[in-house]
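In: quick one, structure for this:
(2 chains)
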Amino acid sequence: MTVQSTSVPTAAKSSSFGRLDSKNLILIPPGIMLLVFFLCPFLIMGAVSFYYRVPDGFYEPDFVLSNYAAFFDPVFLTALVRSLTLCAVISVVCVSLAMPFTYLVSRMRRVVQIPIVILLLCILTLSEVILGFSWTILLSRTAGVSNILVWLGVLDRPVSLYPSSFAIMIAMLHFCFPFAVLTIYPPISRFDRSLPEAAATMGAGPVRAFFTVVVPALRGTIISALVLVFVFALGAYLFPQMLGRPADWTLSVLITDQAIYKSNIPFAAAMSVFLCLICFSLILGVGKLSKKSEG
Amino acid sequence: MSARLGRLYVCFVALFLAMPFIVVAGVSFNEKKRLYFPPRGFSLDWYRDVVSTPEWLDPILTSLTVAAIATVIAIAIALPICFMMWRHGILFAKALFGLGLVPFMLPPVTSALGFLIFWSEIGGYGSFWATTISHSVFLVTIPLMMISLGLETVDEDLLDAAASLGATETEIFKTVIFPLILPFVFGASAFCFVLSMNEYIIAFMVAGFTVETLPIKVVNSLRYGYSPAMAAVSVFSVLAAAGLFLLVARFGDLLKMVGALDKTD
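Out: Okay, here's the model as predicted:
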């Protein structure tokens, strides 16, 4: 829903170079805010990733590569591989479930669509704190779903379903699903309805029309949704801590842990720069891809 | 047959999405300080606790203040950028717009670490303004996207008409453009506000030990064991978010704001 429409509105009236007009002065405060409080932090973080870490916990200006060399540590490498696999699985499952869901919802009446969109927005904006807390209750022994399984006769007595990687997966699926829906919602709602209708008059059932007409036509959308959900999932930092064991920690958790509890800011900065580069190249790559397929 | 199957699928997914909220709401009504679902006994004591003890009220007030100020700043940053880009095509505005989209392309942890280092370098670490300003620039993506979406719906003939009637640039903005994009500004504010209210990682990394926002309070108290009061707080948060989004839907076109095209319905 967010990063996709980077296209610049085109109602530009005058030349595209800003003359030093008095009206342009209103851009100065926002410019200062973004450059000082957003660009600067990232530049400083980049610099700190090369700083020398003083053993007692702080750092001093220097140019060392040891923070990046620490990537070859098995703890980091396993966390990296684990994060990438986990997020890839989440992304594929989310987008596969979200495609038919969004398609069906976008064809419903507004009165039905609006509550569903509100539910999705609530999940997206609630952050991992409340959701993680909810999942620890939902998967707990005393209040959780295992009680339903007991009632159904599947289990003998209620069990706690967390900490486990299953718990992380289900919570992340729940958290990323609304994001997946909202990324594919605009293109699906613009999708030409006459195509599946034509398929229907040719005798294809709705399910068949969906898979043979809708899905192929939205290939570009699906690919960019996969990437965006993947990047979004990489950002999860609380679920692995609340619902998993240290062995389940992902890169985002590792960064927080190094920065706050191990007070190794330079190493955290190096990991953070690395994570930014992964996400940037993925998003820019998919942006190029979709531009190519449009043009 | 398959239409019914589709509806069943949508219902099933919606149930899955709503499930955590149902259980949390249920748990908050427990009579004793235990989390049972379905609740044992019925009591509203936990809600009373939340709104009457400073233990919960203080973080709630802190979060409300941070969110309100951060929202105002975010809108104040985004509005001139979007307007100058749309109306005058200023290159610098386009560059700022692009920069403002970056926070949402990156995992929040990376921004949070950037803010942490920045604020400890310039000496604002642990302050109220560190949290508030970090939130405002982090969330600026939302108003940038939504306001420019709103500006695109403005009919340019209206602007020409106003100009030919002698309206100055400022008058056109005040009387024509701003009223038209107001629902989008309101929508963006609602999103920013709710996101800031619930934001954890940045608030934790820049001032986690001094400025206790509601999410930080929830995470901290999880360490000391669960109580239905936390479930009550969660219910409040969910209701506040849902209520604000309902208001947005009431006064504007929520579906259009999340990117849908006009529907004939």
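
In: host element of the closest residue to residue B:147 other than its chain neighbours?
Out: Once its chain neighbours are removed from consideration, residue B:147 has its nearest residue in residue B:82; the separation is 4.4 Å (C-beta to C-beta, 6 or more residues apart in numbering or on different chains). Bear in mind the C-beta positions are built from the backbone N, C-alpha and C, glycine included. Element membership for residue B:82, per DSSP states H and E: helix B:54-88.

In: that helix: how far from the chain's middle?
Out: Here the centre of helix B:54-88 is set off from its chain's centre by 9 Å, with C-alpha atoms, centre = their mean, to the nearest Å.

In: mind showing which ranges of chain A have poor pLDDT?
Out: Low-confidence segments of chain A, defined by pLDDT under 70, are located at A:1-21, A:56-57, A:291-295.

In: repeat that for chain B.
Out: Across chain B, residues meeting the criterion (pLDDT under 70) sit at B:1, B:260-265.

In: could you identify the helix or strand that succeeds the longest helix along chain A?
Out: Using DSSP state H, we find that the single longest helix of chain A is helix A:74-106. Proceeding C-terminally, helix A:74-106 gives way to helix A:110-125 as the next helix or strand, assigned by DSSP H and E.

In: which positions in the stretch 151-265 of chain B make contact with chain A?
Out: B:151-152, B:156, B:169, B:191, B:194-195, B:198-201, B:204-205, B:208, B:215, B:218-219, B:222, B:226, B:230-231, B:234, B:237-238, B:241-242, B:245-246, B:249, B:254-255, B:258-261, B:263, B:265 (C-beta under 8 Å from any C-beta of the partner chain).

In: which of the residues you listed fall within helices?
Out: Where those overlap with helices, as defined by DSSP H, the overlap consists of B:151-152, B:156, B:169, B:191, B:194-195, B:198, B:201, B:204-205, B:215, B:218-219, B:222, B:230-231, B:234, B:237-238, B:241-242, B:245-246, B:249, B:254-255.

In: need the buried ones from those selected in PyMOL.
Out: One line in PyMOL is enough to select the buried ones among these; burial here means 16 or more other C-beta atoms under 10 Å in any protein chain shown:
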select buried, chain B and resi 151+191+194+195+198+201+204+205+215+218+219+222+230+231+234+237+238+241+242+245+249+254+255
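
In: picking that back up, test my guess that the residue nearest to residue B:147 contacts residue B:151.
Out: Yes: under the criterion of C-beta atoms under 8 Å, residue B:82 lies in contact with residue B:151, with a separation of 5.9 Å.

In: which elements pack onto the strand or helix carrying residue B:95?
Out: Secondary structure here is read from DSSP H and E; on that basis residue B:95 sits in helix B:91-101. Using 3 or more C-beta pairs under 8 Å, 6 or more residues apart in numbering or on different chains; DSSP states H and E as the contact criterion, the neighbours of helix B:91-101 among helices and strands are helix A:28-34, helix B:54-88, helix B:141-152.

In: can you mark which positions in the following helix or strand past the shortest one are buried?
Out: Secondary structure here is assigned by DSSP H and E; on that basis, the next helix or strand after helix A:28-34 toward the C-terminus is helix A:40-48. Buried positions in helix A:40-48, judged by neighbour count with 16+ other C-beta under 10 Å: A:40, A:41, A:42, A:44, A:45, A:46, A:48.

In: do stretch B:71-81 as well
Out: Within stretch B:71-81, judged by 16+ other C-beta under 10 Å, the buried ones are B:71, B:73, B:74, B:75, B:77, B:78, B:79, B:80, B:81.

In: list the contacts of the third one.
Out: Residues in contact with residue B:74, defined by C-beta atoms under 8 Å, 6 or more residues apart in numbering or on different chains, are B:135, B:136, B:137, B:139, B:140, B:142, B:143, B:188, B:192.

In: which SSE is the residue nearest to residue A:160 when sequence neighbours are not counted in?
Out: Leaving aside its sequence neighbours, residue A:160 sits nearest to residue A:141 (C-beta to C-beta, 6+ apart; 4.4 Å). Residue A:141 belongs to no helix or strand when elements are defined using DSSP H and E.

In: neighbours of residue A:141, how many?
Out: Residues near residue A:141, counting by other C-beta atoms under 10 Å in any protein chain shown, number 13.

In: the spatially most central residue of chain A and chain B: what is the separation?
Out: Taking C-alpha atoms, centre = their mean as the criterion, residue A:232 is the residue nearest the geometric centre of chain A, at 0.9 Å. Taking C-beta to the nearest C-beta, to the nearest Å as the measure, residue A:232 falls 8 Å from chain B.

In: tell me the SS of that residue?
Out: At residue A:232 the chain is in helix, as set by DSSP: H, G, I helix; E, B strand; the rest coil.

In: that one is in contact with residue A:182, isn't it?
Out: No: counting by C-beta under 8 Å, residue A:232 sits too far from residue A:182 to count as a contact (10.5 Å).

In: now list whatever residues contact both of the two.
Out: By the contact definition C-beta under 8 Å, 6+ apart, residue A:232 and residue A:182 are jointly contacted by no residue.

In: could you check which residue of the stretch 151-265 of chain B lies nearest chain A?
Out: The stretch 151-265 of chain B approaches chain A most closely through residue B:259 (3.3 Å), counting by C-beta to the nearest C-beta.

In: residue A:159: how many residues sit nearby?
Out: Residue A:159 is flanked by 14 other residues according to other C-beta under 10 Å.

In: check residue B:17 too.
Out: Taking other C-beta under 10 Å as the neighbour definition, residue B:17 ends up with a count of 19.

In: what distance do you get for it to residue A:200?
Out: Counting by C-beta to C-beta, to the nearest Å, the gap between residue B:17 and residue A:200 amounts to 29 Å.

In: now do the buried residues in stretch A:137-148.
Out: By neighbour count, with 16+ other C-beta under 10 Å as the criterion, the buried positions of stretch A:137-148 are A:137, A:138, A:139, A:140, A:142, A:143, A:144, A:145, A:146, A:147.

In: from those, which land in helices?
Out: For the buried residues of stretch A:137-148, membership in helices holds for A:137, A:138, A:146, A:147, with DSSP H as the criterion.

In: what's the separation between the closest residue to the first one other than its chain neighbours and residue B:26?
Out: Once flanking residues are discounted, residue A:137 sits nearest to residue A:143: 5.1 Å by C-beta to C-beta, 6+ apart. Distance of residue A:143 to residue B:26, given as C-beta to C-beta: 8 Å.

In: which neighbours do those two share?
Out: The overlap between the contact sets of residue A:143 and residue B:26 (C-beta under 8 Å, 6+ apart) consists of residue B:37.

In: count the neighbours of the closest residue to chain A within chain B for me.
Out: Proximity to chain A, evaluated over chain B using C-beta to the nearest C-beta, is greatest for residue B:89 at 2.6 Å. A total of 20 residues lie near residue B:89 under the criterion other C-beta under 10 Å.

In: hey, C-alpha coordinates of stretch B:168-181 in CSV?
Out: As requested, the backbone C-alpha atoms of stretch B:168-181 are provided in CSV (Å, rounded to 0.1, in the frame of the first residue of the first chain):
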residue,chain,number,x,y,z
THR,B,168,-4.6,34.9,-5.6
GLU,B,169,-2.6,31.7,-5.2
THR,B,170,-3.1,31.8,-1.4
GLU,B,171,-6.9,32.3,-1.8
ILE,B,172,-7.1,29.4,-4.3
PHE,B,173,-5.3,27.2,-1.8
LYS,B,174,-7.5,28.2,1.1
THR,B,175,-10.9,28.2,-0.7
VAL,B,176,-10.5,25.5,-3.4
ILE,B,177,-7.7,23.1,-2.9
PHE,B,178,-7.6,22.7,0.9
PRO,B,179,-11.3,21.9,1.3
LEU,B,180,-11.1,19.3,-1.5
ILE,B,181,-8.1,17.5,0.1
